[in-house]
Each structure stands twice: as structure tokens, then as C-alpha cells.
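K.L.:
Got a predicted structure plus its sequence, pasted below:
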Amino acid sequence: MTEISLESAIQFLVSQGQWWALAVLFASSILEYVFPPFPGDTVTLAGAVLAYVGGWHPLYVLLALTLGSLAGSALDFWFGLKALTPERLARSPRLAARSASIDRVLAAYRRFGPAFLLLNRFMPGVRALFFVAAGMAGIPLRAVLLYSAASSLAWNMMLMAAGFLIGDNIPLLESLFSTWSSALWLLLAAAALWLLARHLRRRRSNDP
């Protein structure tokens, strides 16, 4: 399931009843960190709408979404820490040949990683990679979870505020969310092109 409409997500949650729906919100928040194509943000927005329009308790919705994000980010962190160790990477001839480059990237991530972790919830599709990298870089788990909680709370509260202000105007909510996602992808693409151009310039300057 890689695409789902906001209206379909709302109808599905309503059909489950509040407590089962909260479990679905918790599980979907985990799943989008483990399987990024899963439309977790759409399900999150549906929960935010129902926190007001459906009469659900906003605190319960916020807790389900935030705890799910924490669990998902912890799984990604664990994967980077335990499954992508230097010893395991060295077993791959291709990666072993690039160990110096990987070390430089991880060293930079130790410096700038907290900013990515704080912004992770606002970046669809790539947020899981930030936590995998945090595990590989050895950033303390306590700090990782703190950044994850802060980002998740900010994102979820923003969506819940949108649900409160816009209410059941589903087309408007979908339009705003789609515009936001498209703008973020364009920003990420621009950043990737800038980094690539910078890398190529450095390679040229280092060539004899």
C-alpha cells in the first residue's frame, strides 16, 4: 500500500473504533520508518482530523503518533548500530574500498546529524535514513530519541492544528499536504544537486 486517499484513511479509522484506530495510528507511525513507501503521513493526518471532527481525545492521538514515531526511529537506529557495523561493512569489497569516504561522511554526520534528526519528521521518504546513519555514527540513543520526540511532537501538533482549523474540508487538507510534500521534495532535490556540484568541484581541484 503506497497510496491512499485522506478520505479512505479517515473512513478506515472510523470503522475500527477509537481504541483500535489508535493502535493503527501507532503501528502506521512505526511502519513508515521501516517501510518508507507506506503512506504514514496520510494516516497521521487522518488521525489529526478525527481528533477534532470525530470527537477523539487529542492527547490520545498525539501519544499514539509520537510513541509510534519513537519506536520506528529506534528500530532504524538499532539497524544502523548493529547491522551496519564497520566489521560488517568491511566484508563487502565494494564498501571496504570506500571506507575512508564512509568515515568522512559519518564524521560529518556526528557534527550535523542532530539538525537532520530534528527535521526528520518534516522530510517524507528519507527520514529513516537519518536514524540509520545516527546508529552508524554512534550518536547516543538518548539524544536520538530526544530529537525524534521533539520532531514528532512538532509535526503531529502542526497536523492536529490543521485538522482543527480546517475541519472536515478534506480536499483543502489534501491540497495543502500535497503542496507541502512537493515543496519538500524540490528542496531535497536542490540540496542533493548542490552537494553533488560541490563534490565534483572538490574532485577537480584535487586532480593534478
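P.N.:
Looks like it arrived, so ask away. Being a predicted model, the structure only gives us computed values, none of them experimental.

K.L.:
State the phi and psi torsions of residue 52.
P.N.:
phi -120, psi -50 (degrees, to the nearest 10).

K.L.:
With residue 124 instead?
P.N.:
Dihedral angles for residue 124 - degrees, to the nearest 10 - are phi -70, psi 140.

K.L.:
Same question for residue 139.
P.N.:
Phi and psi for residue 139, reported as degrees, to the nearest 10, are phi -70, psi 130.

K.L.:
check contacts around it.
P.N.:
Residue 139 sits next to 109-110, 113-114, 117 when contact means CB atoms under 8 Å, 6 or more residues apart in numbering. Heads up, the C-betas are built off the backbone N, CA and C, glycines and all.

K.L.:
same deal with residue 72?
P.N.:
Counting by CB under 8 Å, 6+ apart, residue 72 makes contact with 29-34, 128.

K.L.:
mind checking how far it is from residue 84?
P.N.:
From residue 72 across to residue 84, the span is 17 Å (CB to CB, to the nearest Å).

K.L.:
same question, residue 128
P.N.:
As defined by CB to CB, residue 128 lies at a distance of 13 Å from residue 84.

K.L.:
Pick out whichever of these two has more residues nearby.
P.N.:
Remark: of residue 128 and residue 84, residue 128 carries more neighbours, 21 against 16, as counted by other CB atoms under 10 Å.

K.L.:
For that one, give its distance to residue 6.
P.N.:
Computed as CB to CB, the residue 128 to residue 6 distance reads 23 Å.

K.L.:
cool, residue 16 as well?
P.N.:
16 Å.

K.L.:
ok, these two, which is more surrounded?
P.N.:
The neighbour count for residue 16 versus residue 6, taken as other CB under 10 Å, is higher for residue 6 (19 against 13).

K.L.:
right, and the more buried one touches residue 42 too?
P.N.:
Yes - Residue 6 is within contact range of residue 42, at 5.8 Å (criterion: CB atoms under 8 Å).

K.L.:
how about the closest residue to residue 40 other than its chain neighbours, phi and psi?
P.N.:
Excluding its sequence neighbours, the residue lying closest to residue 40 (CB to CB, 6 or more residues apart in numbering) is residue 32, at 2.8 Å. Per-residue torsions, residue 32: phi -70, psi -20 (degrees, to the nearest 10).
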